[in-house]
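# Sharing a sequence plus its predicted fold:
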Number of protein chains: 2
Amino acid sequence: MTTFLKPRSVATNRDKLLTAAELAIVEKGFAATSIEELITEVGITKSGFFYHFRDKSEMVKALLERHLAEEAVWFEGLFARASTLDDDPLHAFLIFLRLLQEDMERLTDVHPGCIVTACVFQERLFDRSIHELAADSLLGWRRQFHAKFKEIAAVYPPRIDVDLEDLSDMLTVVTDGGIILSKTIRDKGVLARQVGLYRKFVKSIFAPRH
Amino acid sequence: MTTFLKPRSVATNRDKLLTAAELAIVEKGFAATSIEELITEVGITKSGFFYHFRDKSEMVKALLERHLAEEAVWFEGLFARASTLDDDPLHAFLIFLRLLQEDMERLTDVHPGCIVTACVFQERLFDRSIHELAADSLLGWRRQFHAKFKEIAAVYPPRIDVDLEDLSDMLTVVTDGGIILSKTIRDKGVLARQVGLYRKFVKSIFAPRH
DNA sequence: GCAGTGCTGTACCCGTGGTGCAGTTTTGAA
DNA sequence: TTCAAAACTGCACCACGGGTACAGCACTGC
């Protein structure tokens, strides 16, 4: 779950603030990111900041909303490309995972860490609505992936007994966990390799024995 | 990676500070945890705090060290129990995973979130040594699990082609990712179920077809 | 010509992390 | 019992960052 392919051409100062905040938060965390540095980067004053956002927490909410929307577009694009390449639900999903993996390999540097995670680990600094935003997003992915897996399972009876909802969750789990591991040991390849491993798992569950 | 089974009977004030900090950080994050609240809980003054720790960051370092040590003891205990129950490397590892899953099911509430993760997402608030501590710990687990998998693979040739180091990483990935997902959607069961799913993956890779 | 949008400037409050240091109590070994 | 080190207390003080309050200005589009 990361920044990926953002045009952001005719950005307003509000947008610029969000972008600056995103970069800073991903790089050094929310608490270490001061309003001061954001406004100097954008070139406005403190009053300008508080004109756009009631407080720092509201800015994070806006940031999260924008991020989740972009992420949804990203995933949807991958899904679309995958299903044009193959009609079969299993093959399409495996292609989707491959495309996801490739995108992750291409990520800059040690990759942007997940904003969602950063938010969840700051809980009390924000209000409930931010947490709910993150939760809804993750539950949304569960729903979407679960639907795909049900489709797949209808055609390819699973070779081992797994809960398809858990399997759906596992993709977000592997992604978020992969980001953490990548960030911690400073090896950007880990994330993509973990997605690749997840792909092999999915394949081994559904793909018929050759 | 969590708090589990801590005696901490004759705690010094320093230990009490660490414990209070651990609870607070896990519950609401590092930034939202003030020195003030820790010292009032323990019953000492601000001067007392700075007698024990140069600054907040040093406290986190001490906390992390204590946590990693306890975690190591926990895992070692599970490994030991598992290998007394079965000599076979694969079966022992699967038992270990089952025990791990059971422990995770038993975790209080929505479970303690991983301190390591909390630290990684605050990067710039701490010094490099804290990051290295976390990285060394995760690389240590990779080494240990990798050794086990090599042992297993020697007896049970893998049925699908997976990188054993990636497979080792996947356990920490699933754990950390599982904690995040659990925390986000407020469902404590997710973590254990994800470990269970990982177990099925390991089993399906190595276990001979029935 | 006028209202809204998007700001600036100034002044000010408070919580929190952190410093410095002198003095006091507690503890444990000789 | 003594004495030194460990474990604090108390107080004064600073800087930074988030946040408030509010008056005023500049630009845009109708």
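Perfect, I can see it now. Residues are numbered from 1 along each chain as shown, chains lettered A, B, ... in the order given.
# Quickly note the distance from the residue of chain A found nearest DNA strand C to DNA strand D.
Closest contact between chain A and DNA strand C, by Cβ to the nearest atom of the strand, is at A:Gly48 (2.7 Å). In short, each C-beta sits where N, CA and C put it, glycine included. With distances taken as Cβ to the nearest atom of the strand, to the nearest Å, A:Gly48 is found 10 Å from DNA strand D.
# Which other helices and strands does whichever strand or helix holds that residue contact?
Taking DSSP states H and E as the definition, A:Gly48 sits inside helix A:46-52. Applying 3 or more Cβ pairs under 8 Å, 6 or more residues apart in numbering or on different chains; DSSP states H and E, one finds that helix A:46-52 contacts helix A:13-28, helix A:35-42.
# anything in the shortest one near chain B?
By that I understand helix A:35-42. No: judged by Cβ under 8 Å from any Cβ of the partner chain, helix A:35-42 makes no contact with chain B; its nearest approach is 11.6 Å.
# Restrict that helix to CA atoms and write it as CSV.
The C-alpha trace of helix A:35-42 is given here as CSV (Å, rounded to 0.1, in the frame of the first residue of the first chain):
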residue,chain,number,x,y,z
ILE,A,35,4.0,22.0,10.8
GLU,A,36,6.8,24.5,10.5
GLU,A,37,8.8,22.4,8.0
LEU,A,38,5.7,21.7,5.9
ILE,A,39,4.8,25.4,5.5
THR,A,40,8.3,26.5,4.8
GLU,A,41,8.5,23.9,2.1
VAL,A,42,5.2,25.0,0.5
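# Around DNA strand C, which positions in chain A sit nearby?
A:12-14, A:43-48, A:51-52 (Cβ under 7 Å from any atom of the strand).
# Determine the longest helix present in chain A.
helix A:56-85 (DSSP state H).
# any bit of it sitting next to chain B?
No: on the criterion Cβ under 8 Å from any Cβ, helix A:56-85 is out of touch with chain B, staying 10.9 Å away.
# Average pLDDT for the next helix or strand after that helix, rounded please.
Scanning the chain past helix A:56-85 towards its C-terminal end, the next helix or strand to appear is helix A:89-105 (assignment: DSSP H and E). Helix A:89-105 shows an average pLDDT of 97 in the prediction.
# any idea which of the helices and strands packed on helix A:46-52 is most buried?
Here the criterion is mean neighbour count by mean count of other Cβ atoms under 10 Å in any protein chain shown, and of the helices and strands packed on helix A:46-52 the winner is helix A:13-28, at a mean of 19.
# Show residues contacting that one.
Contact partners of helix A:13-28, identified using Cβ atoms under 8 Å, 6 or more residues apart in numbering or on different chains, comprise A:3, A:8, A:11, A:32-33, A:37-39, A:41-44, A:48-49, A:52-53, A:59-60, A:62-63, A:66-67, A:112-113, A:115, A:118, B:123-125.
# of the residues you listed, buried ones?
A residue is treated as buried here by neighbour count (16 or more other Cβ atoms under 10 Å in any protein chain shown); on that basis the buried members of the contacts of helix A:13-28 are A:3, A:32-33, A:38-39, A:42, A:44, A:49, A:52-53, A:59-60, A:62-63, A:66-67, A:112-113, A:115, A:118, B:123, B:125.
# quick one: contacts for A:Glu105?
Applying Cβ under 8 Å, 6+ apart, we find A:Glu105 in contact with A:189, A:192.
# go with 6 Å
Shown in contact with A:Glu105 (Cβ atoms under 6 Å, 6 or more residues apart in numbering or on different chains): A:Ala192.
# The lowest-mean-pLDDT helix or strand in chain A and DNA strand D in contact?
For chain A, counting by mean pLDDT, DSSP states H and E, helix A:115-120 ranks last in confidence among helices and strands (a mean of 81). No: taking Cβ under 7 Å from any atom of the strand as the criterion, helix A:115-120 and DNA strand D are apart, separated by no less than 14.6 Å.
# residues touching A:Phe93, list them.
In this structure, A:Phe93 makes contact with A:Lys148, judged by Cβ under 6 Å, 6+ apart.
# what about it, distance to A:Glu71?
With distances taken as Cβ to Cβ, to the nearest Å, A:Phe93 is found 18 Å from A:Glu71.
# coming back round to it: so which of the helices and strands packed on helix A:46-52 comes closest to B:Glu76?
The minimum distance between B:Glu76 and the helices and strands packed on helix A:46-52 falls on helix A:13-28, with 34.3 Å, by Cβ to Cβ.
# angle of the closest one against helix A:35-42?
On the basis of axes from the mean of the first three to the mean of the last three Cα atoms, to 10 degrees, helix A:13-28 is oriented at 120 degrees to helix A:35-42.
# still on that earlier bit, for the longest helix of chain A, which positions count as buried?
A:56-64, A:66-68, A:70-71, A:74-75, A:78-79, A:82-83.
# one step back: can you tell me which helices and strands the least confident helix or strand of chain A packs against?
Using 3 or more Cβ pairs under 6 Å, 6 or more residues apart in numbering or on different chains; DSSP states H and E as the contact test, the elements touching helix A:115-120 are helix A:128-155, helix B:164-185.
# mind listing what the closest residue to A:Ile95 other than its chain neighbours touches?
If the residues on either side of it in the chain are set aside, A:Ile95 comes closest to A:Ala82, at 4.1 Å by Cβ to Cβ, 6 or more residues apart in numbering or on different chains. Counting by Cβ under 6 Å, 6+ apart, A:Ala82 makes contact with A:92, A:95-96.
# quick one on the thing from earlier: is DNA strand D contacted by the longest helix of chain A?
Yes: legend: contact between helix A:56-85 and DNA strand D by Cβ under 7 Å from any atom of the strand is shown at A:56-57.
# What average pLDDT does that helix get?
If you average the pLDDT values across helix A:56-85, you get 96.
# I'd guessed A:Leu197 sits against B:Asp166; true?
Yes: applying Cβ atoms under 6 Å as the test, A:Leu197 and B:Asp166 come out as touching, 5.1 Å apart.
# of these two, who's got more company?
Using other Cβ atoms under 10 Å in any protein chain shown, the more surrounded residue of A:Leu197 and B:Asp166 is A:Leu197, with 21 against 18.
# quick one: pLDDT of the more buried one?
According to the per-residue confidence, A:Leu197 scores 98 in pLDDT.
# host element of it?
Using DSSP H and E, the element containing A:Leu197 is helix A:189-206.
# Leaving out sequence neighbours, find the closest residue to whichever residue of chain A sits closest to chain B.
Closest residue of chain A to chain B, Cβ to the nearest Cβ: A:Gly177 (2.8 Å). Taking Cβ to Cβ, 6+ apart, and ignoring the residues beside it in sequence, A:Gly177 has B:Gly177 as its nearest neighbour in space, at 2.8 Å.
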